[in-house]
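Enquirer: quick one, structure for this:
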Amino acid sequence: MGVRLKRVDARSASYLLAAIGFVVAWAVLCWPWLSGSVTIPFDAKAHFQAQVQFLANALHTGQSPFWNHNIFGGSPQIADPQSLIFSPAILLALFNSAPSFRAVDAYVLAHLLVGGLCFLMFFRDRGWHPAGGLMAALVFAFGASAAWRVQHVGQIASLAFFAIAFWLTARMLQRNSILAGVLAGLAGGLMVLEPDQVALLGGYVLVAVVVAHWIEGGWPAVRASLLPIGAACFVGIAVIAMPLIWTFLFAEATTRPEIGLVEAGRGSLHPVSLLTAFIGDLFGAKDPVIDFWGPYNTPQRAMELALSENMAQVYVGALPLLLMLAPGLTRGWLWDKAVRPLTLCFVFMVLYALGRYTPLFHLVYDYLPGVKQFRRPADATFLVGALAALLSGYVLHRVLTAPEGTSFKRDLAIGAGLVLASVLTGFVVAYDDGHLRDALKPVAFAVGWFVIAAGGVLLMRRWRGAAGSAAALVLVTAVVAADLGVNNGPNDSTALPPQMYDVLQTDTKNDTIALLKQLTSATPGSTRRDRVELLGMGFEWPNAGMIHGFDHTLGYNPLRLEEFSEAVGTGDGVAAPQDRKFTPLFPSYRSRLADLLGLRYIASPVPIEQVDQNLRDGDLKLIARTKQGYVYENPRALLRVQFVGGWQLADFESMRLSGHWPETDPRQAVLLDVEPPVATPEGPVAVEASVRLTDYRNSRVEIEVTTPAAGFVVLNDIWHPWWRVEVDGVEAEMLKANVIFRAVQVPAGTHKVRFSFHPLDGAIAELRARIDPQEPEDALPQPPRSDREAPQIVAAPSDGPRLAGPSESVRNSLGLGAGAGQPARSGTASAQLPGDASAH
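Expert: Predicted structure coming up:
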């Protein structure tokens, strides 16, 4: 018993030392970001920094973060899988009203710390050598895409939760623990809560682990694990059910509910990129002196592949790769029962990442659920790195626990031959592409690291006992951390000066942002809430409105509501002026839709005429010239809230395709795709009404209107089925107006109108409608009710504006004939807005 306790104490001390070594290595390797000298760039700033700040703005002003007015005319933030609402980032936003770049970077990097520690715990539970666990933790945190794609914050979070769920799932199966099952379900749920391809593939790895456990243990293993697995499934489903429903419904309404096979194939990892596992910077992705010359930057492959240079880096370190080759392959240790499922998953992930270059991806695209929702099979490189970490750590465990006298010289010689073959292949590729000189330095460095790795293996074999274990930990920490720090450390893809993203600082001194904030500041009660467009100001600009509180017609997000995108012409982002795409409904900044949006200010780095060639002199007014470009005003921009007396039926789908607007003044008639709930003659009506926008918040808009005649309150925010509207506290029908906006019918008098966002009720109602669609009733409109269940529509006074009779199409649909039953009325003449370019 005493000997056993000493062994337990020694193992615990060794794992404590391994954990300390990993934390120290993490702090050293992450210090450039933690110190604030550099920041994680690109998506981490342009997209996720804005998401975190939007959360903070909402929480610290007492608002809901579930709807976002600041981009794309409005977006259901609660359903956006990249909104970070259902992630630990909400805690950062809760305790910090203005999270700094350093704070958000530390939050991202902390995921890698936690994930690495969970891998270390997995090794401890298995009783494997702590040096193997330490190497697995280091490779997980700083190998392959974990290092090179750290700017993809959502995928880094999914990778970290995968590590947590993997450890807890293994513990659940090993101990048949219900508690571990509950925690595994929670971690797995958090992994897929904001779904991406890393979460999808990670989920399949967890399933594979469970299935392998059942196959190995037979029926007794199945029976013993049913209760813990049931607990895990129950907790996981409880965590993800509603968020995934929201995401599913949102994705169905976006521009990309599903990715085609050809488009997905463009995100494949080119087979040549596997050479970066041996030669870290073969293609110059890290060297600022060399222009990247990999397969994603060659003209002949420009139409085939769509990956940035950092997405092709799969370097996990010389020592881990050498161990996987020899003795991992040479002695068959990668096929040990303990890791055989992981080896199979590793091979699957490599083939999956290669995408179009193997027949596997075509099969999984057709038959594996979830694959069609994602566009980049190369995302599997996150799992390639994680599984390589586990496998290399296990092989190191086998090396260090092999019987004394075991020689690995033959294995290392075979490994040296494989490395040499890879080096020669790299030279051939470089020679064919005319970059032989550029390949000399990275090849020389790679050979040096493999020599150090081989020497490290031989040294660790010489050290035995407790001192040897400690020495192995020190050597692994030094060699692997130094190797990954040099080859995967800060570079132009992962670390840039914070000053480059100053426009995303809450206290920015950027004069364009300062001017737009001043121009768009709203007077309390005013119905004017102007929108702006940041036209190609730079990659980091499109989501600036989420940070500074103004409403941008565009934004940066791969998921955008399709109706708005088709009407306005949005893309994933608008980094350069040429990224602006006009549409039939929005053919120019002088157009009906631009005015309805309230798009008053446009900032552009170039004269606007270079982008919008339909503009004529005087259409837009140049009001400022800033350091960043030009700021123009659209003097015809309409108010955010209007009262419109009349209405007109319109075919919105035909309007989207043709770009033709009916010749009517939007201030006198609102376009509807259905008849209003209370029968009212169709036609334009001029009404002088008093309208006040009393409260405008993320998920609530309150309006007071006083009108002498019945009509419509039009809110020029994008229509979405999860919004509801009340008139004087009574729920009313929210109408889709002017193709993409909202309206509600109100009677004469003074009324309070309240639009509010209800994602839970709205999603349930949408699901119910899909499951059991109701046929529309073919009947005449019901007369207005006199009780309090619905507001009574009252006609305008006789001396005020008169309502025009229904159109011929409406009379025919009601079976009234030409003018049957309609007294003669004098309607207000319809008018087209002057100079409407969409009607030219």
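
Enquirer: wait, isn't residue 146 in contact with residue 138?
Expert: No - the pair residue 146 / residue 138 is not scored as a contact, 10.4 Å apart, by Cβ atoms under 8 Å. Any C-beta I mention is one placed from the backbone N, CA and C, and that applies to glycine too.

Enquirer: which one's more surrounded, those two?
Expert: Legend: neighbour count by other Cβ atoms under 10 Å for residue 146 and residue 138, higher for residue 138 (33 against 28).

Enquirer: surely the more buried one touches residue 480?
Expert: Yes - Residue 138 is within contact range of residue 480, at 4.7 Å (criterion: Cβ under 8 Å).

Enquirer: residues in contact with residue 156?
Expert: By Cβ atoms under 8 Å, 6 or more residues apart in numbering, residue 156 lies in contact with 108, 111, 112, 146, 149, 150.

Enquirer: got the contact list for the last one?
Expert: When contacts are counted by Cβ under 8 Å, 6+ apart, residue 150 touches 40, 44, 108, 109, 112, 156, 494.

Enquirer: return the residues in contact with the fifth one.
Expert: I take that to be residue 112. Here residue 112 is in contact with 26, 140, 141, 142, 146, 150, 156, 160 (Cβ under 8 Å, 6+ apart).

Enquirer: same check, this time on the second one
Expert: Remark: with contacts taken as Cβ under 8 Å, 6+ apart, residue 44 is in contact with 104, 105, 108, 150, 151, 152, 153.

Enquirer: next secondary structure after the helix or strand containing residue 185?
Expert: Here residue 185, judged by DSSP states H and E, is contained in helix 178-193. Using DSSP H and E, the next helix or strand after helix 178-193 towards the C-terminus is helix 197-252.

Enquirer: same for that next one, what does it pack against?
Expert: helix 153-175, helix 178-193, helix 340-354, helix 381-401, helix 759-771 (3 or more Cβ pairs under 8 Å, 6 or more residues apart in numbering; DSSP states H and E).

Enquirer: which parts of the fourth one are buried?
Expert: Residues of helix 381-401 classed as buried by neighbour count (16 or more other Cβ atoms under 10 Å): 381-400.

Enquirer: quick one, that helix and helix 197-252 angle?
Expert: Helix 381-401 and helix 197-252 meet at an angle of 160 degrees, taking axes from the mean of the first three to the mean of the last three Cα atoms, to 10 degrees as the criterion.

Enquirer: helix 381-401: how far from the chain's middle?
Expert: Relative to its chain's centre, helix 381-401 lies at 30 Å (Cα atoms, centre = their mean, to the nearest Å).

Enquirer: tell me the angle it makes with helix 153-175.
Expert: On the basis of the same axes, to 10 degrees, helix 381-401 is oriented at 40 degrees to helix 153-175.

Enquirer: just the CA trace of whatever helix or strand comes next after helix 381-401, in CSV.
Expert: Using DSSP H and E, the helix or strand that follows helix 381-401 in sequence is helix 409-432. Only the C-alpha atoms of helix 409-432 are listed here, as CSV (Å, rounded to 0.1, in the frame of the first residue of the first chain):
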residue,chain,number,x,y,z
LYS,A,409,17.6,3.7,-33.8
ARG,A,410,16.1,1.7,-36.6
ASP,A,411,12.8,3.4,-36.2
LEU,A,412,14.4,6.8,-36.3
ALA,A,413,16.4,5.9,-39.4
ILE,A,414,13.2,5.0,-41.2
GLY,A,415,11.7,8.3,-39.9
ALA,A,416,14.7,10.1,-41.3
GLY,A,417,14.1,8.5,-44.6
LEU,A,418,10.5,9.6,-44.7
VAL,A,419,11.5,13.2,-43.7
LEU,A,420,14.1,13.2,-46.4
ALA,A,421,11.5,12.0,-49.0
SER,A,422,9.3,14.9,-48.0
VAL,A,423,12.1,17.4,-48.2
LEU,A,424,12.9,16.2,-51.7
THR,A,425,9.3,16.5,-52.7
GLY,A,426,9.2,20.0,-51.4
PHE,A,427,12.2,20.8,-53.5
VAL,A,428,10.6,19.4,-56.6
VAL,A,429,7.4,21.4,-56.0
ALA,A,430,9.4,24.6,-55.4
TYR,A,431,11.5,24.0,-58.5
ASP,A,432,8.3,23.4,-60.7
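
Enquirer: returning to that earlier point: now the contacts of residue 156 as CSV including secondary structure?
Expert: CSV is the format used below for those (DSSP: H, G, I helix; E, B strand; the rest coil):
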residue, secondary structure
108, helix
111, helix
112, helix
146, helix
149, coil
150, coil
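
Enquirer: which one of those residues is nearest residue 277?
Expert: Of all these, residue 277 sits closest to residue 146, with 14.2 Å by Cβ to Cβ.

Enquirer: tell me the pLDDT of the closest one.
Expert: As predicted, residue 146 sits at a pLDDT of 98.

Enquirer: how much space between it and residue 28?
Expert: 16 Å (Cβ to Cβ, to the nearest Å).

Enquirer: got a list of contacts for stretch 490-501?
Expert: For stretch 490-501, the surrounding residues in contact (Cβ under 8 Å, 6+ apart) are 32-33, 36-42, 45-46, 49, 101, 147-148, 150-151, 285-286, 288, 308-310, 540.

Enquirer: and the end-to-end length of that stretch?
Expert: Terminal residues of stretch 490-501 are spaced 17 Å apart (Cα to Cα, to the nearest Å).

Enquirer: list the buried residues in it.
Expert: Applying a neighbour-count criterion of 16+ other Cβ under 10 Å, one finds 490, 491, 493, 494, 495, 496, 498, 501 buried in stretch 490-501.

Enquirer: what does stretch 100-109 give?
Expert: Within stretch 100-109, judged by 16+ other Cβ under 10 Å, the buried ones are 100, 101, 103, 104, 105, 106, 107, 108, 109.
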